Each structure stands twice: as C-alpha cells, then as structure tokens.
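K.L.:
missing the sequence, but the structure's below:
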C-alpha cells in the first residue's frame, strides 16, 4: 500500500516512548493497526501552554503543527522538524496531571483551557488526553477484571513524583508492585476491554457522582462524560484532600474510535 493511503498518527507527549508503545499496542490488540503509521513528538505540557496561550490570552484559532514548526525552527531542532513537516490524519496529545511540577503548583498552566481547545482529533487542533496522575495509571489495577475498589481508588499527591508513582505501580527490587500486570507486553485484548470500560465508568462516576450500569454495557457512555468536569473534580480533590483519583483517559480513545470494539468482553 502506498504511503498516501495510510493513516498517519502523530502522538504529542512528554515521554515519547511509553505513550507511543501503548497506543501501538492498543491498535494491535483491537485489530485496527493495519494501514497506520505512528510518529512521536516530545514536548512539555507547560511549554505547550505558554506557546499556545502567550500571556494567558485566549487564542481564537491556531494551526498546532505550524506553531510547533515555528518553535522548532527557532531552536534549530532539525529532528523535530523532520517529524513536524510531515502530513498527518490525526493528532493525539497525551500528558500527565503532574502535581509535582512547579508550573502546576503555581497555577501557571490552565489545564481546563487546554482541554477546551484541544478537543478535535485533527491535524490543526488535536485531541488532548490527561492521565491522572500519570500514563502508568492504566496499569494501576490490583486485579483484572478490575475489583470494586477501583471506582474509588486514589493516590496521595503529597510528595508524588514521576519516579515514586512508577515505583508504586510497577514495583522494583525493594517494593511489590500494586499492578497485577506491570509489563505492557503481558496485556491482552480482553484485559484492555476490561480496563477501558472501567476507566470510562470511573470517569463517568467522577464527573457526575453517579455509578454507571455495570451489568449492561452502555456503548455511548463515553459520550456522556464531560472530561472538563473530571478535571474539575480532580482539582478539587487535590486541593482539599491532597489526593487524586487514579484514572487513565488516553486509552478511552478506543471508544471514540469505535465504541463497539468494547463489546463482548466475556
């Protein structure tokens, strides 16, 4: 198949390797990876915010890739330009809700503004997914299928850093992992169906305060979630109780791609 007929997906994220590997794994497991190419561009969400919203001003409309290319040219970043000069059919932005970053603590980055702006899976805009607290939250399950505790599972934000959360979830030589499956290669299609459904149900619960019907899967449940409200509740919990709900949102793009891919978990 020629290059022009392939779907070309750009993943914009801070940690290029893990995010791209997860997205590829999801496409492979769900049998939708044919005729798709994946590319990664690395940046920090706070730097991106300053670039898109200089001086905290509202931006009516921008071309995301054009803006990033200007930055790369100014910094003489030739490798970044090679990525950004290509054409893409979809752009996905995946970032952590990094409470340890000084920009977060000083309220210099308006996550809500970013979510409202990056709300389209198109090359001009892109679709933003925020993981709480990090990408590894998709592994933060003590059992698969998820147990009843997952709906209310939280993690303390006191002293929370990238390394400490990864150790909590994945373990090391001195710590037992809280994840029942620390390694991405061990995940199956059935695992991902359970996890994605659990994350959608939890996002619905966080945003509405109501529990979804877990007996009969609602294929349109993800469409009923306002992820702005998820963010609002996460912010409240962080400020008032120094904790945050464990929730991965980037894997829910499968439901947006086709909600029927999640049917027939059993």
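P.N.:
Received the coordinates, thanks. All figures in this text were calculated on a predicted structure; none of them were measured in a lab. Numbering: from 1, shown residues only.

K.L.:
Now stretch 236-247: buried residues?
P.N.:
Neighbour-count burial for stretch 236-247, counted by 16 or more other CB atoms under 10 Å, picks out 237-238, 243-247. For the C-beta atoms, the positions are set from N, CA and C on the backbone; glycine is no exception.

K.L.:
same check, this time on stretch 37-44
P.N.:
38-41, 43.

K.L.:
so of those, which ones are in strands?
P.N.:
38-41 (DSSP state E).

K.L.:
all strands for the stretch 151-266 of the chain, in order.
P.N.:
For the stretch 151-266 of the chain, the strands defined by DSSP state E, counting those that start in this stretch cover 154-156, 243-245.

K.L.:
got CSV for these, with mean pLDDT too?
P.N.:
Below are the strands of the stretch 151-266 of the chain laid out as CSV (pLDDT from 0 to 100):
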stretch, mean pLDDT
strand 154-156, 94
strand 243-245, 95
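
K.L.:
May I see the ones you listed organised as a markdown table, with distance to residue 34 added?
P.N.:
Formatted as a markdown table, the strands of the stretch 151-266 of the chain follow (distance: least, CB to CB, whole Å):
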| stretch | distance to residue 34 |
| --- | --- |
| strand 154-156 | 37 |
| strand 243-245 | 35 |
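
K.L.:
Residue 53: which of those strands is closest?
P.N.:
strand 243-245 (23.9 Å; CB to CB).

K.L.:
Okay, now the unreliable bits of the stretch 101-250 of the chain?
P.N.:
Confidence mapping of the stretch 101-250 of the chain against pLDDT under 70 gives the ranges 105-108, 162, 215.

K.L.:
max-length helix in this protein?
P.N.:
Ranked by residue count under DSSP state H, the longest helix found in the chain is helix 189-208.

K.L.:
Against which helices or strands is that one packed?
P.N.:
For helix 189-208, the helices and strands in contact under the criterion 3 or more CB pairs under 8 Å, 6 or more residues apart in numbering; DSSP states H and E are helix 16-29, helix 227-241, helix 253-257.

K.L.:
out of those helices, nearest to residue 116?
P.N.:
helix 227-241 (6.8 Å).

K.L.:
next one: that closest one to chain centre, how far?
P.N.:
Relative to its parent chain, helix 227-241 has a centroid offset of 16 Å by CA atoms, centre = their mean, to the nearest Å.

K.L.:
what sits up against that helix?
P.N.:
97, 99, 111-112, 115-116, 130, 132, 154, 157, 203, 206-208, 243-245, 247, 249 (CB atoms under 8 Å, 6 or more residues apart in numbering).

K.L.:
let's see 10 Å
P.N.:
Applying CB atoms under 10 Å, 6 or more residues apart in numbering, the contact partners of helix 227-241 are 97, 99, 104, 107, 111-112, 114-116, 119, 128-130, 132-133, 154, 156-157, 160, 202-209, 226, 243-245, 247, 249, 252.
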